[in-house]
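> sequence and predicted structure, then a few things I'm wondering about:
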Amino acid sequence: LFTGKGSEEIAGEAISAGVTDYLQKGAGTSQYAVLANRITNAVAQHRAERSAEATRRRYRSLIEESTDVITVVNTEGVFEYVSPAAERILGYESESLVGENGFEYVHPDDRRQALEEFGKSAADPQCQAKVEFRFERGDGEWVWLQNRSRNLLDDPDIEGIVVYSRDITAEKDRRQRLERHASLFRDTSDPIAMVEFRDGTPVICEANDAFRSTFAPDTELVGRDIDGIVASGERFEDAKEITERAVAGDTVRQETIRDTVDGPRAFFCQTLPIESGPTEGVDSAFALYTDITDLKEREAELEATRKKAEALAEAIPDVAFIKSVDGTYLDAFVSDEAEELLYGGRDAYESGQHVRDVFDDDVDRVLETIRRAVETGAIQTIEYELEVPSGPRWFEGRVAPIPGTIEGEKAVVWVARDVTERRERERGLEE
C-alpha cells in the first residue's frame with residue numbers, strides 16, 4: 001500500500017486486508033527507490049511461496065502415488081504419518097495405523113532383527129538402516145517388506161524417522177525358489193551339468209560335485225565339450241546325436257552308456273532346455289545323468305532267474321503259481337505238457353485272477369492254507385479236486401512262503417502235482 005494518508009489504524013487495516021507492505025508518500029524522489037525495492041521484495045517473496053507450494057504439491061503427489069509405503073515414526077516405532085499406499089500394500093487405511101506401534105505387526109520371528117536395525121537408525125542420524133521382515137496385512141496374510149529408514153528427528157519439518165517400505169514378497173519367493181534350485185543342483189547325488197550351445201557344441205558352464213566325481217574329478221570342466229567328457233569312441237557319436245536333438249529343442253530322455261572314472265556305466269540321460277533362443281532351438285540346457293547300472297544288473301539277474309524258472313517249468317510235469325496272501329494269482333509257470341491240468345486253461349490263471357475264480361467249495365480251505373504258510377513260515381500241504389479239460393483230477397498242493405514281498409504283498413509259491421492215479425491206487429487197496 002503506497003498512500004499519502006498514513007496512520008497506525010490504516011496500516012493495520014491494510015495488512016489485515018492482505019497487503020504485503022505499507023509505505024507512506026513523502027517529499028523527494030528517494031521514496032520511489034524505496035517503493036521499487038519494496039515491490040521487488042514482495043514479488044520475490046510471492047514467487048518463492050508459489051514455488052514452495054508447487055514443490056509441496058509435487059512431493060505430496062509423489063508420496064501419494066508411490067509404490068512404496070512411506071511412513072514417519074517416532075523413536076518408539078509409533079506411526080505418526082502413513083502414506084496412502086498402505087491400503088494397497090498392507091491392507092489398512094492410512095489413518096487407522098496412525099498412533100499404532102509398527103513393531104506389533106512384525107512377525108515374531110523377525111521382530112528382534114527389525115528392532116535392532118531400527119535402533120541403529122534412531123541412534124545415529126547418519127545411519128540409513130535396511131532390513132527385511134514379514135508384516136501382517138489387514139487380511140491376516142504376511143507380506144515381506146524391505147525397510148529403509150532415515151533419521152530426520154532434527155529436521156523441524158519432519159521431527160521423526162522416515163521409513164520407506166517396499167513390498168518384496170514376489171522377489172522373496174523368486175529368491176527362495178532360485179536357492180532351492182541351486183541347492184538341488186549342488187546337493188543331488190545325480191551328476192548334473194549346465195551347458196551352453198555354442199555353434200552346436202554343448203559347452204559346460206557349471207557342473208555339480210557329483211558330475212565332477214563321476215566323470216572327471218581332476219579336470220577343469222568349465223568351457224569343455226560335455227560330450228568329450230562323458231563319452232568316447234562309438235559312445236561319443238551317441239552323445240553327439242543326443243546333443244543335436246537337444247539343440248533342436250527336444251527334451252531327451254533315454255538310456256545310454258557313458259564313460260566314468262569306474263569305467264562304462266549305464267545311465268538314464270535327460271537333457272532339459274533352459275531358455276529359448278531368438279530362433280528355433282535352445283541356447284542352453286541341463287544335462288542330468290541317473291546311474292541305473294545296478295538296476296540294469298538286477299533286471300538282468302531277474303530275467304535270468306525267470307528264464308531258469310520257465311525252463312524248469314517245461315521240464316517238470318507239475319504246475320507252479322505265485323499267489324498273494326489274499327489269494328490273488330501273481331504269476332504262473334506251466335509247461336505245454338501240463339497245460340491240460342489247468343482249470344479253464346491258461347487264461348484262468350492270468351495275473352489278477354483270484355482263487356475263488358478257480359476253486360468253488362474249497363476256497364476257504366485254500367485261503368487258510370496260504371495264510372498258515374505265511375504266518376508259520378513252513379511248507380503246507382493240501383489235497384483238492386478240480387475239473388480240468390481231461391475231466392476231474394486230484395492234486396496235491398505244496399505251499400511255501402516267499403521271503404519278503406512281491407508287489408508290496410506277502411506271497412507264496414504253490415506247486416500242484418497231479419495225484420489222481422495215486423488216489424485211485426490207494427482207493428483200490430482200501431477196497
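Cool, got the structure.

> could you pull out the helices for the stretch 151-300 of the chain?
169-187, 209-215, 226-230, 234-247, 293-315 (DSSP state H, counting those that start in this stretch).

> turn the ones you listed into a markdown table, columns for distance to residue 85 and mean neighbour count.
Placement of C-beta: from N, CA and C, glycine included. Output for the helices of the stretch 151-300 of the chain, formatted as a markdown table (distance: least, C-beta to C-beta, whole Å; neighbours: other C-beta atoms under 10 Å):
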| stretch | distance to residue 85 | mean neighbour count |
| --- | --- | --- |
| helix 169-187 | 15 | 12 |
| helix 209-215 | 46 | 19 |
| helix 226-230 | 49 | 21 |
| helix 234-247 | 47 | 17 |
| helix 293-315 | 57 | 12 |
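
> for residue 81, find the nearest of these.
For those, the distance to residue 81 is smallest for helix 169-187, at 23.7 Å, taking C-beta to C-beta.

> on that earlier part again, now the helices of the stretch 151-300 of the chain in JSON lines, with distance to residue 265?
Converted to JSON lines, the helices of the stretch 151-300 of the chain look like this (distance: least, C-beta to C-beta, whole Å):
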{"stretch": "helix 169-187", "distance to residue 265": "21"}
{"stretch": "helix 209-215", "distance to residue 265": "8"}
{"stretch": "helix 226-230", "distance to residue 265": "10"}
{"stretch": "helix 234-247", "distance to residue 265": "11"}
{"stretch": "helix 293-315", "distance to residue 265": "4"}
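
> I'd like those helices as a markdown table, with distance to residue 31 and mean pLDDT appended.
Below are these laid out as a markdown table (distance: least, C-beta to C-beta, whole Å; pLDDT from 0 to 100):
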| stretch | distance to residue 31 | mean pLDDT |
| --- | --- | --- |
| helix 169-187 | 68 | 80 |
| helix 209-215 | 93 | 93 |
| helix 226-230 | 94 | 95 |
| helix 234-247 | 92 | 92 |
| helix 293-315 | 109 | 80 |
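
> so which of these is nearest residue 399?
helix 293-315 (17.1 Å).

> just the CA trace of the helix or strand just after that closest one, in CSV.
Per DSSP states H and E, the first helix or strand lying C-terminal to helix 293-315 is strand 319-324. Output of strand 319-324 as CSV, limited to C-alpha atoms (Å, rounded to 0.1, in the frame of the first residue of the first chain):
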residue,chain,number,x,y,z
VAL,A,319,2.4,-126.7,-12.4
ALA,A,320,3.5,-123.7,-10.2
PHE,A,321,1.9,-120.5,-9.2
ILE,A,322,2.8,-117.3,-7.3
LYS,A,323,-0.2,-116.3,-5.1
SER,A,324,-0.6,-113.3,-2.7
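
> who does strand 319-324 pair up with?
strand 329-333 (antiparallel), strand 409-418 (antiparallel) (DSSP bridges).

> other residues contacting it?
309, 313, 329-335, 338, 341-342, 349, 355, 370, 402, 406-407, 409-416 (C-beta atoms under 8 Å, 6 or more residues apart in numbering).

> now do it and helix 293-315, the angle between them.
In terms of direction (axes from the mean of the first three to the mean of the last three C-alpha atoms, to 10 degrees), strand 319-324 departs from helix 293-315 by 140 degrees.

> so what's the gap between strand 319-324 and the chain middle?
44 Å (C-alpha atoms, centre = their mean, to the nearest Å).

> again, but for stretch 233-251
On C-alpha atoms, centre = their mean, the centre of stretch 233-251 falls 29 Å from that of its chain.

> which residues touch it?
For stretch 233-251, contacts defined as C-beta under 8 Å, 6+ apart pick out 197, 200-202, 226-228, 230-231, 252, 254, 256-259, 264, 269-273, 276, 280-282, 285.

> can you list the low-confidence ranges for the protein?
For the chain, applying pLDDT under 70 flags the ranges 6, 51-66, 184, 275-282, 310, 312-317, 336-351.

> where is the longest strand in it?
What stands out as the longest strand in the chain, according to DSSP state E, is strand 391-406.

> can I get it in PDB, CA atoms only?
The C-alpha trace of strand 391-406 is given here as PDB (Å, rounded to 0.1, in the frame of the first residue of the first chain):
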ATOM      1  CA  GLY A 391     -12.100-134.400 -16.500                       C
ATOM      2  CA  PRO A 392     -12.000-134.300 -12.700                       C
ATOM      3  CA  ARG A 393      -8.400-134.600 -11.300                       C
ATOM      4  CA  TRP A 394      -7.000-134.800  -7.800                       C
ATOM      5  CA  PHE A 395      -4.000-132.600  -6.900                       C
ATOM      6  CA  GLU A 396      -1.500-132.200  -4.100                       C
ATOM      7  CA  GLY A 397      -0.600-128.600  -3.400                       C
ATOM      8  CA  ARG A 398       2.700-127.800  -1.700                       C
ATOM      9  CA  VAL A 399       2.600-124.200  -0.400                       C
ATOM     10  CA  ALA A 400       5.800-122.500   0.600                       C
ATOM     11  CA  PRO A 401       6.100-118.800   1.800                       C
ATOM     12  CA  ILE A 402       8.300-116.400  -0.200                       C
ATOM     13  CA  PRO A 403      10.600-114.200   1.900                       C
ATOM     14  CA  GLY A 404       9.900-110.500   1.700                       C
ATOM     15  CA  THR A 405       7.100-109.200  -0.500                       C
ATOM     16  CA  ILE A 406       6.100-109.300  -4.200                       C
END
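
> would you mark the buried spots in it?
Judged by neighbour count (16 or more other C-beta atoms under 10 Å), strand 391-406 contains these buried residues: 393-399, 401-402.

> which one of those sits closest to residue 39?
Taking C-beta to C-beta as the measure, residue 39 sits nearest to residue 402 out of those, at 112.6 Å.

> show the contacting residues for that closest one.
Applying C-beta under 8 Å, 6+ apart, the residues near residue 402 are 322, 410-413.

> for it, give its distance to residue 365.
In this view, residue 402 and residue 365 are 21 Å apart by C-beta to C-beta, to the nearest Å.

> does residue 168 touch residue 145 like I think?
Yes - in this structure, residue 168 is within contact of residue 145 by C-beta atoms under 8 Å, at 6.8 Å.

> mutual contacts of those two, please.
Contacts common to residue 168 and residue 145, judged by C-beta under 8 Å, 6+ apart, are residue 132.

> which of the two has more residues huddled nearby?
Between residue 168 and residue 145, counting by other C-beta atoms under 10 Å, residue 145 is the more crowded of the two (26 against 15).

> what angle do the helix or strand where that one lies and helix 169-187 make?
In the assignment (DSSP H and E), residue 145 maps to strand 142-152. Computed with the same axes, to 10 degrees, the direction of strand 142-152 lies at 110 degrees from that of helix 169-187.
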